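> sequence isn't available, so here's the structure alone:
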């Protein structure tokens, strides 16, 4: 009888335990920052964070979007004196760090040239060496600093800041912070091709699978290669999509601006993909590697164990070639 009572008691204890909720794949998406986004996150039961995600995009646009006339960055570019929020401070500080690390090849003050060449929100003009030289005197992130009062101080009011080469990555990092605060341990955030992953796809018991575009094909459904990512950020840059054709001359102008010369750079670098701990870093370095010579990029990557890269380029024999760091190779999925 004693054993029967113990058996009945154990059944009662088991039946009283709360049922564990089923792991659910949540997905939200839409348009933001001039592109599309998709967020996949796993949770015990359905969770909708759409309102909070929209709020992150709204606050970031209000601070950093050059396409919004009353944003903080637009006011600063007009010469207004304002104290900036923590998002602006974060992006400026990281930009200054990458500016130094890349010897000035990553430079958000190149915005005046971006506008002049027809790749920004400003008015495009017919460019020649004289006009390039006149604009170059207002380029250089070393001419911008943040005061103790959190006011952006420019050496010349005509310096134009443009954080578009880092702001998208930073936005993804802020969305990751949002999900972390919600207690979410497994997610994939993608905005315009830039990505942050955390944990893994536990429903399929795999790391998050992401693709890297092939710069030599327009078919985005067939990636050049696939990666299995966990707790890693990825960003890409390339000249294969962003370019402008002059209607009169028919000449092709790529979107990469060399901050050293002021001219668009038809370099032999076709595309770059960078892995880093944060998407803002990956975004910034992917942009810098498009403007830098391959030898300079290789030297920087050898110094930085926290960065990995995949660079597609045209070699001296005019043949498409690839440079891949060892850390990047380890994440490639056959």
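On my side now, so go ahead. These figures come from a predicted structure and were not determined experimentally.

> ranges for the helices of the chain?
2-16, 50-64, 72-78, 86-101, 111-116, 129-136, 164-181, 279-291, 294-303, 326-329 (DSSP state H).

> what is the third one packed up against?
Contacts defined by 3 or more CB pairs under 8 Å, 6 or more residues apart in numbering; DSSP states H and E place helix 72-78 against helix 50-64. Any C-beta I mention is one placed from the backbone N, CA and C, and that applies to glycine too.

> and the second one, by the same measure?
Applying 3+ CB pairs under 8 Å, 6+ apart, we find helix 50-64 packed against strand 23-32, helix 72-78, helix 86-101, helix 164-181.

> who's in contact with stretch 25-40?
The contact list for stretch 25-40 (CB atoms under 8 Å, 6 or more residues apart in numbering) reads 41-43, 46-50, 53, 57, 60-61, 65, 67, 167-168, 171, 175, 179, 187-193, 203.

> same question for stretch 321-334.
Residues external to stretch 321-334 that are found in contact with it (CB under 8 Å, 6+ apart): 209, 225-229, 232, 273, 275, 294, 297-298, 301, 307-315.

> filter these down to the buried ones.
When neighbours are counted using 16 or more other CB atoms under 10 Å, the contacts of stretch 321-334 contain these buried positions: 225, 227-229, 232, 273, 275, 294, 297, 301, 307-313.

> in ChimeraX, select just the buried ones from the contacts of stretch 25-40.
With 16+ other CB under 10 Å as the criterion, this ChimeraX line picks the buried residues out of these:
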select :41,42,43,49,53,57,60,61,65,167,168,171,175,179,187,188,189,190,191,192,193
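
> start and end of stretch 28-42, how far apart?
12 Å (CA to CA, to the nearest Å).

> likewise for stretch 152-168?
Using CA to CA, the two ends of stretch 152-168 sit 21 Å apart.

> residue 71 contacts residue 63, doesn't it?
Yes: assessed by CB atoms under 8 Å, residue 71 is found in contact with residue 63 at 6.4 Å.

> where does residue 181 land on pLDDT?
On pLDDT, residue 181 comes in at 97.
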